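Visitor: Sequence plus the predicted model coming up.
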Amino acid sequence: MSIRWAGLLLAAAVLATGCATPQQPSMPLRGEALAAQGTRVGVVMTALPKPDTFFPGAGCLLCIATASLANSSLTTQVRTWPTADLTAVRDDLVKLLKARGVDAIAIAQDVDLGRLPDRAREPNRAGKDFSSLRTAHKIDKLLVVQVDALGVTRNYSAYFATGDPRATLNGTGYLVDLPTHSLEWHQPLMVSAPASGGWDEPPKYPGLANAYFQVLEMTADQLKQPFGK
Amino acid sequence: MKRLACGLVAAAALQATAAAPVAPADGVTLRVPAIVAWSGVPAAAGDGTTAQMLYPAPTPLLGLVAVLTHGALLGGARAAEESRRQKEADRALDAYRPALSDWSPRALLDAALEQPGLPAVRVADDAGSAGGASRWVVESTPSFSMFPDQTRLLLDNRVRMVDAGNPAAAPFELLLRVLSNPRGEAGAFPVDDGAALLKQESARLFAHSIDLALQVGRRSRGEAADEPPFRTHRYLDGALEGMERGQLVGSGCARIVIRTLRGALLSAPVRAAADADAARAAACAAQPYRVAADAGGS
């Protein structure tokens, strides 16, 4: 077997291993998760990313440049949209937990997951070590709202848009039992909404802006629903 | 849904109005077009996810041809899909078309003017004359849409108010969107009796939109009030909950009026207050679309 073939096989093996990395599936809130008396829960958020535009499917460098150029006015506007509506979900979750008789606190400081130590990947366990938060805030469980991306997504096929842009948000909500780091609730967030009645309305793009705020509301609903909304 | 894009026009007009306010005095003349449009509310489009495209490009020229062909095919497919969705939505009206064929704009107007709460409005004659006596002429272009479940109606009404006494004044323009009240267990609008309930509901929506337009027109004449804050409002959208970002400019019988980000007015049903007293409940039953512009609306 030539060195070239060996290299190809190695590359294929690496790629296949990457594809096989298990994704944490959605997990409903465990019934007993918040039942224990005296359990103290902290609610924390990751820093919300700045709203932006995304063009999946524009696969080549020239395609990306074309999509970015064609949507530059939209991108400029999307980057001005506020995120405060979603920040309020932290206090809303604390209120909902308190309404269930849980001793809950809002952790005002955003958590930077990149600075926390990694844990071994195990199913139904947190991938990060939150022990420092447990000590600092004297909490037993941590409810994490993690938003990875938000803004507007427009699908492309190489150089051409294949659909209208949609407001989108990707993230995760999860509840971690801190002594064991086991997940007691895990909800992937993939929320999107189209602009009603056309989207191409520069410079303000009010239809897409409306869809964006709808997405923030829908995300907050998805996060609050398991806790009694 | 496509028609809401016209809201941009309304938004621009609202801004123009702020600079040169016009408002109807008591008594206006109402004018409608010869045809009132009816259509279905199409489902939302998909997100356009497709497989990745690899262009065969043995030469730059062939590559360019491949790219242009791909673009033409995608454009054609999207237009065809939009047309298909609209045709499918229009089927919601099939059963009502015979009854609606004799529902003339004049009949709609007459039925609307019978609704309680509408201020003094006269109808332009068949020749479109403003009637002479009214200084304010309201030109209305209503179009109705039926939801697929045939239980709800949507009215988009583009209104233009003209001061006949001052032709130099900028007209006041506004796009109003009105969602009908939920019919609950009553289900789809019945087809029998000449679709009388559907016609009655369309007249109520139309009267409500004119009433709202006149209220807004009058307020534009007054002193500027504090602007209400922008927030995301929720309303009843069939079995679901609709959301709209905007300013709350009015409320009434289980109904809110929002000035949307496009500058249009959206009047939509909300859950009735549980603590409504008997007098209010009776008033709302008699006049279900009654609203009043709140402080802060312009």
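Guide: That came through, no problem.
Visitor: What's the separation between the residue of chain A found nearest chain B and A:Ser157?
Guide: For chain A and chain B, the shortest gap (C-beta to the nearest C-beta) falls at A:Gly163, measuring 1.8 Å. Placement of C-beta: from N, CA and C, glycine included. For A:Gly163, the distance to A:Ser157 equals 10 Å [C-beta to C-beta, to the nearest Å].
Visitor: for the closest residue in space to B:Arg259 that isn't next to it in sequence, which residues make a bridge with it?
Guide: The shortest distance from B:Arg259 to any non-neighbouring residue, by C-beta to C-beta, 6 or more residues apart in numbering or on different chains, is to B:Gln247 (4.6 Å). Per DSSP bridges, the residues bridged to B:Gln247 are B:Phe230, B:Arg259.
Visitor: other SSEs contacting the helix or strand encompassing B:Arg84?
Guide: Per DSSP states H and E, B:Arg84 falls inside helix B:60-90. Using 3 or more C-beta pairs under 8 Å, 6 or more residues apart in numbering or on different chains; DSSP states H and E, the elements in contact with helix B:60-90 are strand A:160-161, strand B:37-40.
Visitor: For B:Arg158, give its distance to B:Pro33.
Guide: Taking C-beta to C-beta, one finds B:Arg158 at 10 Å from B:Pro33.
Visitor: The longest helix seen in chain A near chain B at all?
Guide: As assigned by DSSP state H, the longest helix anywhere in chain A is helix A:206-224. Yes - interface with chain B: helix A:206-224 contributes A:Pro206, A:Gly207, A:Ala209, A:Asn210, A:Phe213, A:Gln214, A:Leu216, A:Glu217, A:Met218 (C-beta under 8 Å from any C-beta of the partner chain).
Visitor: want to throw the residues you listed into JSON lines with neighbour count?
Guide: Formatted as JSON lines, the residues of helix A:206-224 next to chain B follow (neighbours: other C-beta atoms under 10 Å in any protein chain shown):
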{"residue": "A:Pro206", "neighbour count": "24"}
{"residue": "A:Gly207", "neighbour count": "27"}
{"residue": "A:Ala209", "neighbour count": "23"}
{"residue": "A:Asn210", "neighbour count": "24"}
{"residue": "A:Phe213", "neighbour count": "23"}
{"residue": "A:Gln214", "neighbour count": "23"}
{"residue": "A:Leu216", "neighbour count": "29"}
{"residue": "A:Glu217", "neighbour count": "22"}
{"residue": "A:Met218", "neighbour count": "18"}
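Visitor: From the chain's centroid, how far away is the helix or strand where B:Ala195 lies?
Guide: For B:Ala195, the enclosing helix or strand under DSSP H and E is helix B:192-219. Centroid separation for helix B:192-219 versus its chain: 10 Å, with C-alpha atoms, centre = their mean, to the nearest Å.
Visitor: before we move on, the earlier item: now the common contact residues for B:Arg158 and B:Pro33.
Guide: B:Thr141 (C-beta atoms under 8 Å, 6 or more residues apart in numbering or on different chains).
Visitor: More neighbours: which of these two?
Guide: B:Arg158 (22 against 13; other C-beta atoms under 10 Å in any protein chain shown).
Visitor: Now do the more buried one against chain A, distance only.
Guide: 13 Å (C-beta to the nearest C-beta, to the nearest Å).
Visitor: and that residue, that one's in a helix?
Guide: No - B:Arg158: not assigned to a helix; according to DSSP: H, G, I helix; E, B strand; the rest coil it is strand.
Visitor: So for it, what's the pLDDT?
Guide: Looking at B:Arg158, its pLDDT reads 96.
Visitor: my guess is it contacts B:Thr141, does it?
Guide: Yes - contact criterion C-beta atoms under 8 Å: B:Arg158 and B:Thr141 qualify, at 4.4 Å.
Visitor: which stretch of helix or strand covers A:Arg134?
Guide: Using DSSP H and E, A:Arg134 falls within helix A:131-137.
Visitor: So which elements touch that helix?
Guide: With contacts defined as 3+ C-beta pairs under 8 Å, 6+ apart, helix A:131-137 has these neighbours: strand A:40-45.
Visitor: Can you list the strands that the strand it packs on pairs with?
Guide: With DSSP bridges as the test, strand A:40-45 is paired with strand A:103-106 (parallel), strand A:141-153 (parallel).
Visitor: In the helix holding A:Arg134, which residues are buried?
Guide: A:Leu133, A:Arg134, A:His137 (16 or more other C-beta atoms under 10 Å in any protein chain shown).
Visitor: Across the sheet, point out what pairs with the residue nearest the centre of chain A.
Guide: By C-alpha atoms, centre = their mean, chain A has its centre lying nearest to A:Gly171, at 1.0 Å. Per DSSP bridges, the residues bridged to A:Gly171 are A:Val147, A:Leu189.
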